[in-house]
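Q: just need the structure, nothing else, for what follows:
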Amino acid sequence: MSTTLEPETALDAPSRTAADWLSRFDHALRSGDGAEAARLFARESFWRDLVAFTWNIKTVEGRDEIAAMLDTVLPHIRPEHWRLSEPATEADGVITAWFTFEIAVARGKGLLRLRDGLCWTLLTTACELKGHEEKRGRTRPLGAAHGVEPGRQSWSDRREAETASLGVTVQPYVLVVGGGQGGLALGARLRHLDVPTLIVDAHPNAGDQWRSRYKSLCLHDPVWYDHMPYLPFPDHWPVFAPKDKIADWLEAYEKTMELACWHSTVCTSARFDEVAHEWEVTVERRGCPITLRPKQLVLATGMSGLPNVPAYPGAERFTGEQHHSSRHPGGDAWRGKRAVVIGSNNSAHDICADLWENGADVTMVQRTSTMIARSDSLMELALKSLYSEDAVADGMTTERADLVFASLPYRIMHEFQIPVYRAMRERDAEFYARLERAGFLLDFGDDESGLFLKYLRRGSGYYIDVGASELIANGSVKLHSRVGVEALRERSVLLTDGTDLPADLIVYATGYGSMNGWAARLISQEVADKVGKCWGFGSDTTKDPGPWEGELRNMWKPTQQEALWFHGGNLHQSRHYSLYLALQLKARQEGIPTPVYGLGEVHHLS
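A: Numbers count the residues shown, from 1 in each chain. Model (predicted):
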């Protein structure tokens, strides 16, 4: 069997090396010899699999782990047809090769990196299930039914009937709780796979999660990073979209993708029926209780759990307004008033800027250090090669960029990030010096690896500067750092250093708990503890305790609770990982065996 682009094509040296490796790998896999296949990997090597081999999102490291995984999965996976999909490239002694392959029930694609003829990193991903492919391109539906037929239903009639029946006379196979970008992205994937899916959301309209936030909120990530599945933003879309523009886009997305969404609907309870192997979920829709019985339950509530609201002594005596950042409506009502924002990460900075722009007297209380990255520097140094107009001009597609990003194992990702943030520190040295002179506590992560590793490890501890840092540097927003809150008084905040800050408003920009907090609220504390903490991968850094787990805990993959899934993250992650979650759900709907390799153990409850 050929593993080259075309049998008659003369390959260059990097492509010959990659094709030869794929051929030897194919032979070892066909022989069922995990140890032989593992010998094709370097001693320090990483294989990241997204659903194709493990029915999981799993990274195995080193020859022993690779051999053990293969010995377990090869009998039922039956991989074959390993083929370069384009010429390989070589730079700095590393050969990079894109390839396609098949397993018994799916087709896949991947990215291979070779050093000295051995595999250093390998990414394998399932991209479609055989016999259950999305109807797209040449297989797209005709739409119009030509001819004449008495009593024919129009598209609108069929759509209305479908919407009226799902959740009433027809049970959804998948119930998605949360109708933000994550729930909508997953719903679109599942619809194109013909999986009956109902999305429920407490807000009256899609996008209201964004509309309800403070007026000045914009995306901090650039447009190329934030596309939704199937429907990318148009070329004239702003680089950083305002929140109301995103809200309108999500509302249009729901309609365009023909998603079944129940708005103004709150989940009040859920339990898993161990006998029927289905969920019993009670929702309240426009004041009426309804019981749903989906086979699969997805909590798509973002990457965060319930808001963390500190219980400071004297909080009940404070006579002003106090609320969590998630409930901050904007600074309009606080002109001429005194506001104290407790926290120093993204939301804290945004809210401080919003209040200052509206004429409030603003003070930030910084309890711990924060990573600051200027937006333009982040785009130039960290994102430009994959997510930028230059990348698009060079032929980079969103899917390709996502796969390149996914191909870097978390174990070594910091090694690629440290030089980026070292360059950022040099580029923006005066900016950082001004912040520090204002008393701001800066850090670049426990190992100097910067913002994205902080995001993956703990989901907090950083701010992408879109203007608020200047307000701190020049003193427009007052700053108290290296302090905590001792207590609240009737009209002030008492800090641990004895400072008494007058306040009409207190905003707790104090973050969120783990996503399994939603499971505790909706299902039970027992189930929340059974699945354990979400997010982080065991780096043993601040707020990401060990042991090493190698993948984000519980995200987009099977959990210790049968038929319970977590879907969330930023727009990029919601787009990319919704595919792999949708394939796992479709396989289960069709009765395709899905033996999970390496189901995550629970080391931390929250």
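
Q: just the helices from the stretch 451-600 of the chain, written as ranges.
A: For the stretch 451-600 of the chain, the helices defined by DSSP state H, counting those that start in this stretch cover 451-458, 468-473, 516-522, 525-531, 571-589.

Q: what about the fourth one, average pLDDT?
A: The predicted model gives helix 525-531 an average pLDDT of 97.

Q: so which of the helices of the stretch 451-600 of the chain comes closest to Leu292?
A: Leu292 lies closest to helix 516-522 among the helices of the stretch 451-600 of the chain, at 12.5 Å (C-beta to C-beta). C-beta: built from backbone N, CA, C; applies to glycine.

Q: which strands or helices does that closest one pack on?
A: Secondary-structure packing of helix 516-522 (3 or more C-beta pairs under 8 Å, 6 or more residues apart in numbering; DSSP states H and E): strand 265-273, strand 296-299, helix 525-531.

Q: what residues sit buried inside the last one?
A: For helix 525-531, burial by neighbour count (16 or more other C-beta atoms under 10 Å) applies to Val527, Ala528, Asp529, Lys530, Val531.

Q: what's next to the worst-scoring helix or strand of the chain on mean pLDDT, contact-wise?
A: Between all helices and strands in the chain, the lowest mean by mean pLDDT, DSSP states H and E belongs to helix 155-165, at a mean of 88. Identification of contacts with helix 155-165 by C-beta atoms under 8 Å, 6 or more residues apart in numbering yields Gly143, Gln153, Glu258, Ala260.

Q: just the buried residues of those.
A: By 16+ other C-beta under 10 Å, the contacts of helix 155-165 give Ala260 as buried.

Q: between the contacts of helix 155-165, which is nearest Asp201?
A: Nearest member of the contacts of helix 155-165 to Asp201, counting by C-beta to C-beta, is Ala260, at 11.6 Å.

Q: dump the helices of the stretch 451-600 of the chain to a markdown table, plus distance to Asp394.
A: Converted to a markdown table, those look like this (distance: least, C-beta to C-beta, whole Å):
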| stretch | distance to Asp394 |
| --- | --- |
| helix 451-458 | 22 |
| helix 468-473 | 31 |
| helix 516-522 | 41 |
| helix 525-531 | 41 |
| helix 571-589 | 19 |
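
Q: which among those is found nearest to Val195?
A: Checking the helices of the stretch 451-600 of the chain against Val195 by C-beta to C-beta gives helix 571-589 as the closest, at 5.5 Å.

Q: between helix 451-458 and the closest one, find me the angle.
A: 40 degrees (axes from the mean of the first three to the mean of the last three C-alpha atoms, to 10 degrees).

Q: can you count the residues close to Glu65?
A: Number of residues near Glu65 (other C-beta atoms under 10 Å) recorded here: 19.

Q: now swap in Leu190 and tell me
A: If you count neighbours by other C-beta under 10 Å, Leu190 ends up with 28.

Q: identify the residue spatially nearest to it, adjacent ones excluded.
A: Thr197 (4.3 Å; C-beta to C-beta, 6 or more residues apart in numbering).

Q: now Ala382
A: Val420 (5.2 Å).

Q: now do the helix or strand harbouring that neighbour: which elements does it pack against?
A: Per DSSP states H and E: Val420 is located in helix 410-427. Other elements packing on helix 410-427 under the criterion 3+ C-beta pairs under 8 Å, 6+ apart are strand 57-61, strand 371-374, helix 375-378, helix 451-458.

Q: okay, now the sheet partners of the first one, with direction.
A: Paired with strand 57-61 in the same sheet, following DSSP bridges, are strand 41-50 (antiparallel).

Q: by how many degrees do the strand it pairs with and helix 410-427 diverge?
A: Using the same axes, to 10 degrees: strand 41-50 against helix 410-427 is 90 degrees.

Q: sorry, back to before: next up, the contacts around the residue nearest to Leu190.
A: Going by C-beta under 8 Å, 6+ apart, Thr197 touches Pro172, Tyr173, Val174, Leu175, Val176, Leu186, Gly187, Leu190, Arg191, Leu259, Ala260.

Q: in this structure the last one contacts Ile199, no?
A: Yes. Between Ala260 and Ile199 a contact is recorded at 6.6 Å, counting by C-beta atoms under 8 Å.

Q: where do the contact lists of those two overlap?
A: Common contact partners of Ala260 and Ile199 (C-beta under 8 Å, 6+ apart): Gly187.

Q: re earlier: for the buried residues of helix 525-531, which one is nearest Ala106?
A: The nearest member of those to Ala106, counting by C-beta to C-beta, is Val531 at 26.0 Å.

Q: give the contact list for the closest one.
A: Per C-beta under 8 Å, 6+ apart, neighbours of Val531: Asn516, Ala519, Asn554, Thr559, Gln560, Gln561, Leu564, Phe566, Val602.

Q: return the residues in contact with the fifth one.
A: Looking back up the chat, that one is Gln560. By C-beta under 8 Å, 6+ apart, the residues touching Gln560 are Lys530, Val531, Gly532, Leu599, Gly600, Val602.

Q: what about 6 Å?
A: Lys530, Val531 (C-beta atoms under 6 Å, 6 or more residues apart in numbering).

Q: tell me the predicted confidence for it.
A: With respect to pLDDT, Gln560 has a value of 98.

Q: tabulate the helices and strands packed on helix 410-427 (JSON lines), appending distance to Gln322, mean neighbour count and mean pLDDT.
A: Shown next, in JSON lines, are the helices and strands packed on helix 410-427 (distance: least, C-beta to C-beta, whole Å; neighbours: other C-beta atoms under 10 Å; pLDDT from 0 to 100):
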{"stretch": "strand 57-61", "distance to Gln322": "39", "mean neighbour count": "23", "mean pLDDT": "98"}
{"stretch": "strand 371-374", "distance to Gln322": "26", "mean neighbour count": "23", "mean pLDDT": "97"}
{"stretch": "helix 375-378", "distance to Gln322": "30", "mean neighbour count": "17", "mean pLDDT": "96"}
{"stretch": "helix 451-458", "distance to Gln322": "25", "mean neighbour count": "22", "mean pLDDT": "96"}
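
Q: for the nearest residue to Thr301 once chain neighbours are set aside, phi and psi?
A: In space, and not counting its chain neighbours, Thr301 is closest to Gly178: 4.4 Å by C-beta to C-beta, 6+ apart. Per-residue torsions, Gly178: phi 120, psi 120 (degrees, to the nearest 10).

Q: for Ser85, same thing?
A: Dihedral angles (degrees, to the nearest 10) for Ser85: phi -100, psi -10.

Q: and for Cys127?
A: With angles defined as degrees, to the nearest 10, Cys127 shows backbone torsions of phi -120, psi -20.

Q: so who does Tyr462 touch?
A: So Tyr462 contacts Met371, Leu451, Lys454 (C-beta under 6 Å, 6+ apart).

Q: let me see the contact set for the first one.
A: By C-beta under 6 Å, 6+ apart, the contact list for Met371 reads Asp443, Phe444, Leu451, Lys454, Gly461, Tyr462.

Q: please apply the same query to the last one.
A: Taking C-beta under 6 Å, 6+ apart, we find Lys454 in contact with Met371, Gly445, Gly461, Tyr462.

Q: can you check the second one too?
A: Counting by C-beta under 6 Å, 6+ apart, Leu451 makes contact with Met371, Ala373, Tyr462.

Q: nearest residue to Tyr508 in space, please, no chain neighbours.
A: According to C-beta to C-beta, 6+ apart, the nearest residue to Tyr508 is His324 (4.8 Å).

Q: let me know whether the one you found touches Ser304 as I believe.
A: No. Between His324 and Ser304 there is no contact under C-beta atoms under 6 Å: 11.4 Å.
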